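K.L.:
Sequence and predicted structure, then a few things I'm wondering about:
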Amino acid sequence: MSGAYDVLSVAGTGLGYPTALYVNGANLVVTTVAGTIAENTVLDLLDADRICGEFETISLPGDRLSWDLSQLYTTGEITAVPEPATMALLGLAIVGMGGYVRRRRAA
């Protein structure tokens with residue numbers, strides 16, 4: 001994704017301990033102002049020494065994308081990945097083109 005986006009950054013120490021971001025019960029909403037998010041785009045949303053708790057709801061854009069949230073609570077990153085149906089359609093198109101080329105060569 002070209003352009004800029006916001007990052008919630010929590011830094012410093014509190015009473016000598018690394019700062020933690022407490023998200024328990026909060027809502028995470030990611031929206032686009034203009035344009036779309038491309039496949040395999042990595043968004044670094046949160047930057048803290050520790051992220052504690054879990055979001056109550058997570059709302060993400062992209063009607064043809066799924067999201068890999070496996071790193072959200074460790075590195076603060078989420079990744080846009082193509083939906084399985086999109087990948088299946090792409091695979092079917094490649095197989096169809098291969099059959100077309102094979103038939104033309106045989107003729």
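P.N.:
Looks like it came in fine.
K.L.:
Just say helix, strand or coil for residue 79.
P.N.:
The three-state label given to residue 79 by DSSP: H, G, I helix; E, B strand; the rest coil is strand.
K.L.:
Pairing partners for it in the sheet, please.
P.N.:
residue 42, residue 68 (DSSP bridges).
K.L.:
One more: residue 47?
P.N.:
Beta-bridge pairing of residue 47 under DSSP bridges involves residue 9.
K.L.:
wait, isn't it in contact with residue 7?
P.N.:
Yes. Counting by CB atoms under 8 Å, a contact exists between residue 47 and residue 7, whose distance comes to 5.6 Å. Heads up, the C-betas are built off the backbone N, CA and C, glycines and all.
K.L.:
quick one, which of these two is more surrounded?
P.N.:
When neighbours are counted by other CB atoms under 10 Å, residue 47 and residue 7 differ, and residue 47 comes out ahead with 15 against 11.
K.L.:
I appreciate the help and will end here.
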